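>>> pasting a predicted model and its sequence here:
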Amino acid sequence: QVQLVESGGGLVQAGGSLRLSCAASGGTFSWYALGWFRQAPGKEREFVATINWSGARVYYGDSVKGRFTISRDNAKNTVYLQMNSLKPEDTAVYYCAGRKFGSGSPRVTEYDNWGQGTQVTVSS
């Protein structure tokens, strides 16, 4: 099973940008569709974005469409989430997830592997 480690979170002002990274190890990275999810205190885990094994297909949650971009570099075993025009409501712990041999999905339950999360805080 692949292990996933997120990085790049932090504190940013509203309107700013951050790029999250998720590095994979211990598995064949190109076998996995990857997703980004987030969870704010007291709320359910929410779908953010997903990308298929080749990077050719991406899909976004409605709340981030047009502001966030997911990408992957299979040579570096890394998936990225570029977050622009950040809003206070984007504040959450962001998780990277992997789905082996599957296509990208917005469903939490369809992912096999999860990272530990990275905190993103957007101040107003």
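Cool, the structure landed.
>>> from here on, contacts and neighbour counts on C-alpha atoms
OK.
>>> pretty sure Lys100 contacts Trp114?
No - at 11.8 Å, Lys100 does not count as touching Trp114 under the criterion of Cα atoms under 8 Å.
>>> tell me the bridge partners for the spatially most central residue of the chain.
Against the mean C-alpha coordinate of the chain, by Cα atoms, centre = their mean, the closest residue is Trp36 at 2.3 Å. When assigned by DSSP bridges, Trp36 has beta-bridge partners Ala49, Cys96.
>>> name the residues that touch the helix or strand hosting Thr121?
Using DSSP states H and E, Thr121 maps to strand 118-123. Strand 118-123 is contacted from outside by 6-14, 86-95, using Cα atoms under 8 Å, 6 or more residues apart in numbering.
>>> ok, back up a step: and the gap between the residue nearest to the centre of the chain and Ser124?
In this view, Trp36 and Ser124 are 23 Å apart by Cα to Cα, to the nearest Å.
>>> before we move on, back to that, quick one: which of the contacts of strand 118-123 sit in strands?
Counting by DSSP state E, the part of those found in strands is Glu6, Ser7, Gly10, Leu11, Val12, Gln13, Ala92, Val93, Tyr94, Tyr95.
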